[in-house]
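Asker: need a structure here:
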Amino acid sequence: MRAKTDSAIYRPDLGMTVLEYAEGRTTGLIGLEIMPLFPVNVESGSYPVIPKEALLKLPDTERAPRGNYNRGDWTYERGKFGTSENGWEEPVDDTERVLIEQEGSDGIADFIATQRAWNHIMKRQEKRIADKVFDPVTFTAHSVTNEWDDGANATPINDVNDGVLSMRAACGMLPDVLVIAYSTFLNLKNCDQIVDRLKYTFPGIDINRMTSEQLAAVFNVPRVLIGGAVYDSAGEGLDASITDIWSNEYAALIKIARGRSLVEPGFGRTFLWTADSPQNPIVEQYREEQTRSDIFRVRHNTDEALMQSVTSAGAVKSNIADACIYLFDNITT
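Answerer: Next comes the predicted model:
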């Protein structure tokens, strides 16, 4: 559809079409399942945080006749968020439109341009989230004894069990997901311990067709999320170097904050400033007459934030996120 004005118009129809297309295919994008969207109506602000120390207290609840009830004396701490904008534009030249849109294919040029821009935006967001999860600087990394690509000797079930117990001891909660890279998923298919447990749990299973749901059952965790997205890490003009967004050197158990309450303990949230970008992301279109092109812009205004409280000076005071992750390293040789 040719734009009629150089003022950007909102194209939710294109955004929905691209989203439905992506959902029907394996994109390997898992970041927003780990750090779910949380709409906010301001660009930056603060939110209440339960101090980590208040999560596991066992107070005296007994009351004597005519006595007072004991009550909590802790106070909420404050976390901060500050969204920033990311966007990408793709032009559709009038001549290109004629070549692309043959009879019966009206609108395909718009879809292709939007899909390309959407892919850039969402993969960049995925990378921001992956870097926060697989971060051995911010979180303690626990090395496994035998790498998970050592099929004969690896003990991933034991490793995950140890991680679950450690997380439970740290925050009193169990993880919602185990996060692994795609190549780690393939390695686990060839791990003797996994294969033996699968055969017992799912008699007659075709190991080559193992699913993430079956792997979750073996690990006794609710879900296994497999990060399969890749990108070209080579510089401009260089031969392509296809790189995984999610490193196969790490895996992580995560407690996810899913609800609408910001005081719910969890690893992190993706704050979306809805006054600027009502969807994640939004699609806009405008006309650029000097290049005889329609421009398709995909953008969002977000902050992928760890759940933690900070001091007035901005230093971390209480790190809920740290209690809601167990990070493994040395996963791959």
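Asker: please enumerate residues in contact with the lowest-mean-pLDDT helix or strand in the chain?
Answerer: Counting by mean pLDDT, DSSP states H and E, the weakest-scoring helix or strand in the chain turns out to be helix 12-23, with a mean of 76. Here helix 12-23 makes contact (Cβ atoms under 8 Å, 6 or more residues apart in numbering) with 29, 110-111, 114-115, 118, 122, 279, 281-283, 285, 296, 298. Just so you know, the C-beta spots here come from the backbone N, C-alpha and C atoms, and that holds for glycine as well.
Asker: from those, which land in strands?
Answerer: Taking DSSP state E as the definition of strands, the contacts of helix 12-23 contribute 282-283, 285, 296, 298.
Asker: among those residues, which ones are buried?
Answerer: 282-283, 285, 296, 298 (16 or more other Cβ atoms under 10 Å).
Asker: OK, contacts around Val164?
Answerer: 174-175, 220-221, 253, 326.
Asker: actually Arg128, not the one I typed
Answerer: 31, 304.
Asker: counting neighbours, which bits of the helix or strand where it lies end up buried?
Answerer: Per DSSP states H and E: Arg128 is located in helix 108-133. For helix 108-133, a neighbour-count test (16+ other Cβ under 10 Å) marks 109-115, 117-123, 125-130, 132-133 as buried.
Asker: I'd like the mean pLDDT over that helix, please.
Answerer: Regarding helix 108-133, the rounded mean pLDDT is 94.
Asker: could you list the buried residues of the helix or strand following it?
Answerer: Note on helix 108-133: by DSSP H and E, the next helix or strand toward the C-terminus is strand 141-143. Neighbour-count burial for strand 141-143 flags 141-142 (criterion: 16+ other Cβ under 10 Å).
Asker: just stretch 230-244 next, same as before
Answerer: 231, 244.
Asker: give me the mean pLDDT for it.
Answerer: On average, stretch 230-244 scores 86.
Asker: same check on stretch 273-287?
Answerer: Stretch 273-287 carries an average pLDDT of 94.
Asker: got it, and stretch 306-318?
Answerer: In this model, stretch 306-318 carries a mean pLDDT of 84.
Asker: quick one: end-to-end length of it, please.
Answerer: Start-to-end span of stretch 306-318 (Cα to Cα, to the nearest Å) is 11 Å.
Asker: now do stretch 201-210
Answerer: 12 Å.
Asker: shaky segments in this protein?
Answerer: Confidence mapping of the chain against pLDDT under 70 gives the ranges 1-5, 21-26, 55, 103-104.
Asker: look at Tyr200 and say how many residues are nearby.
Answerer: 10 (other Cβ atoms under 10 Å).
Asker: quick thing: my sequence starts at 28, can you match it?
Answerer: That works, and once the first residue is 28, the last one we named lands at Tyr227.
Asker: look at it and give its secondary structure.
Answerer: helix (DSSP: H, G, I helix; E, B strand; the rest coil).
Asker: now swap in Glu331 and tell me
Answerer: Glu331 ends up strand, using three-state DSSP.
Asker: what's the answer for Asp33, then?
Answerer: Assignment for Asp33 (three-state DSSP): coil.
Asker: list the residues that contact it.
Answerer: Taking Cβ under 8 Å, 6+ apart, one finds 313-316 in contact with Asp33.
Asker: show me the residues you listed that map onto strands.
Answerer: 313-315.
Asker: buried ones among those residues?
Answerer: Using 16+ other Cβ under 10 Å, the buried ones in the ones in strands among the contacts of Asp33 are 313-314.
Asker: nearest to Met237 among the ones in strands among the contacts of Asp33?
Answerer: Tyr313 (47.3 Å; Cβ to Cβ).
Asker: can you give me the strands in the stretch 78-227 of the chain?
Answerer: For the stretch 78-227 of the chain, the strands defined by DSSP state E, counting those that start in this stretch cover 104-109, 111-120, 168-170, 204-208.
Asker: contacts only, for the closest residue to Phe355 other than its chain neighbours.
Answerer: In space, and not counting its chain neighbours, Phe355 is closest to Ala278: 4.4 Å by Cβ to Cβ, 6 or more residues apart in numbering. For Ala278, the contacting residues are 175, 205-208, 211, 354-355, 358, by Cβ under 8 Å, 6+ apart.
Asker: in stretch 58-70, what's buried?
Answerer: 58-63, 65, 67, 70.
Asker: oh, that last question was meant for stretch 86-96, not what I typed.
Answerer: Within stretch 86-96, judged by 16+ other Cβ under 10 Å, no residue is buried.
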